[in-house]
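K.L.:
I would like to see how this sequence folds:
(2 chains)
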Amino acid sequence: MAFTNEQIERYSRHIILKEVGAKGQKKLLNAKVLIIGAGGLGAPAAMYLAAAGIGTIGIADADEVDLSNLQRQIIHQTKDVGKPKVDSAKETMEAMNPDVKVVTYHEFITSENILDIIKDYDFIIDGTDNFPAKFLINDACVMAKKPFSHAGIIRFQGQLMTYVPGQGPCYRCVFKEPPPKDAVPTCKQAGVIGAMGGVIGSLQAMEAVKYILGVGELLTGWLLTYDALKMQFRKVKLPSDTHNCDVCGDNPTITELIDYEQAECDGVGL
Amino acid sequence: MKIKVAGVKKEVQDGLTVSQLIIDENVETPEYVTVTVNDEFLENDQFDSTVLNEGDNIEFLYFMGGGQ
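P.N.:
Here you go, the predicted structure:
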């Protein structure tokens, strides 16, 4: 596949990078990334990945755009209130870059459909707002041997880690099971500063791009935490011993996907 | 003795347990925190019995569920 003149110009700031080049840009154009959740994290991740020329971007979300989303979910506009988030996200991404094919999944991810949805993608971004979905994505990615970026945001704090099969701990190595409903505050209860999704969601996009290009060091085996009030990033080393993990360990006890009870941010999941 | 808690060096009394450190550090939702000591996971049921040593490196990892 040869670049068009327009593509050479569009991606010139990538192509000039020795870590990307024409070869790397072609890898991006051939890559398939799935974003689960078109919200605070998923919006900036989707926009940077679309701008970067990721050839196929899947986006899964069952929600419609709500006015209270617009303080942080920058892929949606005021005119989009009431529209399915996946449709609004697709319109924005396609307007940004016609090279991108956007595939939408206007549905909740469940134990029934997730393996089928993730199977065609090279990298998955967890942009969900609830623990049942985060554990489901982790377990499905472990079982299907798919790399993914986990992230969470609340108030003025955010964190993320990257899972690559066989290269370090999964989310369940760190957190064994979802906390009981309402035990840990959600965004809706506790609030979240709008730009936090921009910071952490952009870092998730960065991990996806680095994974596809095969450059640099990923957050495998590390949890990156960000405290916006202290303006402090910390890279916390995670234990490398994953042998005892219930899902990715040597003798997994979780061999089927689990639909935990939902306790989400916006009242309707994802 | 000196230990490191979330990257910050601290002087604490000898014999300090992980459970007491969790209280001293005002850890939010302590029943759901994941603790690592010297880059190893510590099971929740070992917080009471684990006595910290000079130079130990303790991290608290918190659930963060938001994203939308």
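K.L.:
ok, and the closest non-adjacent residue to residue A:158?
P.N.:
residue A:200 (3.9 Å; Cβ to Cβ, 6 or more residues apart in numbering or on different chains). Where C-beta positions appear, they are placed from N, C-alpha and C, glycine not excepted.
K.L.:
A strand includes the one you found, no?
P.N.:
No - judged by DSSP: H, G, I helix; E, B strand; the rest coil, residue A:200 forms no part of a strand; its state is helix.
K.L.:
count of neighbours near it?
P.N.:
Under the neighbour criterion other Cβ atoms under 10 Å in any protein chain shown, residue A:200 is assigned a count of 28.
K.L.:
now do the one 5 residues further on
P.N.:
Burial measure for residue A:205: 25 neighbouring residues, criterion other Cβ under 10 Å.
K.L.:
contact residues of chain B facing chain A?
P.N.:
Residues of chain B lying close to chain A by Cβ under 8 Å from any Cβ of the partner chain are B:6-7, B:29, B:31-32, B:34, B:36, B:39-41, B:59, B:61-68.
K.L.:
can you tell me how far the closest residue to residue B:65 other than its chain neighbours is from residue A:52?
P.N.:
Once flanking residues are discounted, residue B:65 sits nearest to residue A:131: 5.2 Å by Cβ to Cβ, 6+ apart. Going from residue A:131 to residue A:52 by Cβ to Cβ, to the nearest Å gives 30 Å.
K.L.:
of those two, which one has the most company?
P.N.:
The neighbour count for residue A:131 versus residue A:52, taken as other Cβ under 10 Å, is higher for residue A:131 (27 against 24).
K.L.:
can you pull the contacts of the more buried one?
P.N.:
Contacts for residue A:131 were tallied using Cβ atoms under 8 Å, 6 or more residues apart in numbering or on different chains; they are A:178, A:179, A:184, A:260, A:263, B:63, B:65.
K.L.:
could you do residue A:102 as well?
P.N.:
A:50, A:56, A:57, A:58, A:59, A:89, A:90, A:93, A:94.
K.L.:
could you tell me which of the residues you listed count as buried?
P.N.:
A:50, A:56, A:57, A:58, A:59, A:89, A:90, A:93 (16 or more other Cβ atoms under 10 Å in any protein chain shown).
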